[in-house]
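In: got a predicted structure here, sequence first:
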There are 2 protein chains.
Amino acid sequence: MKSKATSFDIAHMAGVSQSTVSRALSDSPLVNQETRERIKKIAQELNYKVDKNASNLRRQHSQTLALLLFEDPTNDDSLINPFFISMLASITKATATAGYDLLVSFQNMNDDWHNLYEDTNKADGLILLGYGSYTDYEYKLSQLEEQGTRFLRWGAPDKKHPGVSIGSDNEIGGYLMGQHLVSLGHKRFAFLGEANVGAPEFLGRLRGLKRAMSEASLDTTGVAQADAISTEAAGFEAAQRLMQQYSSPSDFPDAIFCASDLIAMGCIRALRSQGMNVPEDIAVVGYDNIQISQFATPPLTTVLQDTLLAGELLVSNLLKLIRNETVEDMLMKPQLVVRESCGCKLKP
Amino acid sequence: MKSKATSFDIAHMAGVSQSTVSRALSDSPLVNQETRERIKKIAQELNYKVDKNASNLRRQHSQTLALLLFEDPTNDDSLINPFFISMLASITKATATAGYDLLVSFQNMNDDWHNLYEDTNKADGLILLGYGSYTDYEYKLSQLEEQGTRFLRWGAPDKKHPGVSIGSDNEIGGYLMGQHLVSLGHKRFAFLGEANVGAPEFLGRLRGLKRAMSEASLDTTGVAQADAISTEAAGFEAAQRLMQQYSSPSDFPDAIFCASDLIAMGCIRALRSQGMNVPEDIAVVGYDNIQISQFATPPLTTVLQDTLLAGELLVSNLLKLIRNETVEDMLMKPQLVVRESCGCKLKP
DNA sequence: CTGAAAGCGCTTACAG
DNA sequence: CTGAAAGCGCTTACAG
C-alpha cells in the first residue's frame, strides 16, 4: 500500500509548480489549456484526489451537509418511520446532486447533540428531521442560532421557534381527507393519533378534519379520539381503546381518520380481530402514503406528501442559508390519494 | 455571527500555550489536572470545538466511515428495501458508538463512484451494502484494493472477489425454511425470486430449500420458479406468471417460498386476486422479517437476519481493517420465524 | 508538566 | 499564464 500522491508529486512529474497543479485541477481559467490537460492526465494516472481535509481547512467550508434524524424515543431502531426513509432518500439524492456529501446521524432528542458537525466544521449546515414538537428543544435551537449555525427544520413553521422550517400543510391534508370522507356520506368520525401540543402535525390533521366537518354542518364535538404514536402496534392498541369508548357497536363511528398509515394499518388489524370489515363496516384512512399503503388490504386511502420535492427544498434552501441568502418558512400542499379503505367504492 | 474560537483564543485566555490547550482538550495525561480543568471550562464557555478538518489533516485520518448503498437500479427511491433500512439504522448506531461519523451515499452500481471518500481522505473506510452479485464490479473492487482502501462488503463471501465480506448464510436460511415446510407436510414447492448468478443471495436460499427437500426424499426437479426482484410489485407479477405455468389449479404447489418478504406480500395479493386463500389453499413464506411482515394478513412466516448484529460486525471489522488487523470473511446464521402464512396452524 | 516549532496538503492573494 | 509564499487550525515530536 503505497502512500497517496499529493499535489507536489503531480507538480514534480508535470514540471510545474504545485500552485499550478491546484489551479489546473480546479479548472481555473488562469492556467494554460495544454498544461491543464497534461496535469489532469498525470493526476488520473496516479489516481490522485484532492485531500478534502486540507482543502476544507484552507477554504473554511466542508462541502458537506448533515442530517439529524430525530426518531420518536419509544420506537426501536427497526421501526424507523417509513416517511422519514423517503425523506432520507430524497435528501441524499438532492445533496449529491448539489455536489455535497451527507453526514447522517440518528439522534435522540434528549441526547447531548455533541456531534452537531457544524460546530466542528465537518458540515456547512444541518437539516433537522423529526416528528413532533420542537418546544422542548427551543433552548438548543436558540443555541444553534446564536452560534450562527445554518440549519433548517422539517415541520410546521412556528414563529415561536428559532430558525426556518419547511413542512407540509397538515391542516390542509386533514381538510382534504375530511372533505372526501364527508362527500362519501360519512357523518361520525374518530381520530387515531396523539392530539396534543407535542404532536403539532397530528393536531393539524385533526383540525383540518374538523374544519371539513364544520363546513358540512356536522357536529365536531363528538369526534372520538385515542392517542397513538406512529407505529402499527400503537395503532392496534389505540383502536382497541377507542372501541371501548362506545357502549354498543351501533354507536361506532362511520370512519376512523388515522394520523399515519402505520396507525391505520394497526387500526384495521384491530377492527378485523373484532370481526369488523374495512371498509364495509367502517372506513379507515391514513396519512403519509408510505410504500406499503397501496398494498394493504384494503389499499389505504391516504394523504401524500411529496417527499421528493421536500428533500429538494430542504437542501436547496439550506444551501441558500449557507450562501447567506434569506430563506422563508415554506408550507407544501399535500394531496389526497383515494384508494379503497375509505369505502368509496361501496358507498357513493 | 462572530467567527469561531480557535485553540489560540483559548490559550490566550487561559494564559498557556496553544499546545497545552490541545493536550488538555484531548485529555492527555501530560497536562496538569488543574490546568486541564481551567482550559476545559474556558473552552466550554466559548463553545469551542476542535476543528475536524485541521485535526484530521494533521492526524491523517478522518474518524469517519462511509456507507455506500447500492440499490437495485430498477427500484425508484421510494422503494428502498426495508432490510437495508434496518442495516442503515444499525450501522449508524454502531458507528456512533465507536466514536465515528457516518457518510451515507446511495449509489448506482453503474455510477462513476467518484465519491469514494476514502480517496479524498474524507473517510477512513467504506462499507458496501447491496443485494446481488459483485461480479460486474470486480474491476472496481480490485481497484479499491489496489489503492489500499479499507472496505468491507455485505454479502456472501466469494473467493473470486477482492476484499472481505460479511453476510448471512442464505443457504442455511433456505434450508431452515425448507425443513419447516416439509415438516408441515408440504410436498410440492415453487420459488419466487431471481435465480441466477446475478442474485447469489436468492440462489443460496433456493439451494437450501432443495437440500431440505432432498433430505426428505422429495424430488427437487419439479420446483417451479419465476423471477422477481425484491419488490411487492415484482412479487405480484411473478406470482401471476407462475400460476400460468400450471395447466390446472390441481397442479398448484403446496407452498411458495418467496425470496423476500416484499415478494411474498405481492405473491399473496396475486393469489388472493385469483380467489385463493393463504395459507388455507396455499402456503406462502418470505425472507428478511421486515417490519411489516408480522402485520401482514396473514402474518408472514419468514427468516430473520440479525441486522443489529450485522451492523455491529460490519463496523467493528472495518475498524479492525483500519487498524491493519486481519479480518476474515464471516457468515451469520439466520433464524426461522414461524407465523401463520406457512399454514402451520392448520395442517399439523 | 510546558512551550516553541514543524508540518499535515491544500488554496489563493501577491508579484511577476 | 506561472511561481514563491502565506496560512487554514490543529497534533505531536523535540527540548527543556
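Out: Sure thing, it's come through.
In: helices or strands up against the helix or strand where A:Gln143 lies?
Out: For A:Gln143, the element it lies in under DSSP states H and E is helix A:138-146. Helices and strands touching helix A:138-146, by 3 or more Cβ pairs under 8 Å, 6 or more residues apart in numbering or on different chains; DSSP states H and E, are strand A:151-154. To be clear about C-beta, it is placed using only N, CA and C from the backbone, and glycine gets the same treatment.
In: after the strand it packs on, which helix or strand is next? Please name it.
Out: Next element after strand A:151-154 (DSSP H and E): strand A:164-168.
In: report the rounded mean pLDDT for that next one.
Out: The average pLDDT within strand A:164-168 is 93.
In: and it, does that touch chain B?
Out: No: judged by Cβ under 8 Å from any Cβ of the partner chain, strand A:164-168 makes no contact with chain B; its nearest approach is 15.4 Å.
In: partner strands of that strand, parallel or antiparallel?
Out: strand A:151-154 (parallel), strand A:330-332 (parallel) (DSSP bridges).
In: flag every buried residue along it.
Out: A:Val164, A:Ser165, A:Ile166, A:Gly167, A:Ser168 (16 or more other Cβ atoms under 10 Å in any protein chain shown).
In: which positions in chain A make contact with DNA strand C?
Out: Counting by Cβ under 7 Å from any atom of the strand, the residues of chain A close to DNA strand C are A:3-4, A:6-8, A:18-19, A:22-23, A:25-26, A:48, A:50-51, A:54-55, A:57-59.
In: give me the buried entries from those.
Out: So, by 16+ other Cβ under 10 Å, the buried ones in those are A:Lys4, A:Thr6, A:Ser7, A:Ser22, A:Arg23, A:Leu25, A:Tyr48, A:Val50, A:Asp51, A:Ala54, A:Ser55, A:Leu57.
In: which segments of chain A make up each domain?
Out: A:7-50, A:64-168+A:306-332, A:170-305 (automatic domain parsing).
In: ranking those by mean pLDDT, which is last?
Out: Of all the domains of chain A, the minimum mean pLDDT falls on domain A:64-168+A:306-332 (a mean of 81).
In: and it, end to end?
Out: 26 Å (Cα to Cα, to the nearest Å).
In: touching, A:Lys187 and A:Ser217? I think so.
Out: No: no contact is recorded between A:Lys187 and A:Ser217 when judged using Cβ atoms under 8 Å, the distance being 10.4 Å.
In: which parts of chain A are strands?
Out: A:64-70, A:101-107, A:125-130, A:151-154, A:164-168, A:189-192, A:224-226, A:255-258, A:283-285, A:302-304, A:330-332, A:335-337 (DSSP state E).
In: reformat these as a markdown table; add distance to B:Lys140.
Out: As requested, the strands of chain A are exported to a markdown table (distance: least, Cβ to Cβ, whole Å):
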| stretch | distance to B:Lys140 |
| --- | --- |
| strand A:64-70 | 23 |
| strand A:101-107 | 19 |
| strand A:125-130 | 30 |
| strand A:151-154 | 35 |
| strand A:164-168 | 37 |
| strand A:189-192 | 49 |
| strand A:224-226 | 53 |
| strand A:255-258 | 45 |
| strand A:283-285 | 47 |
| strand A:302-304 | 37 |
| strand A:330-332 | 39 |
| strand A:335-337 | 40 |
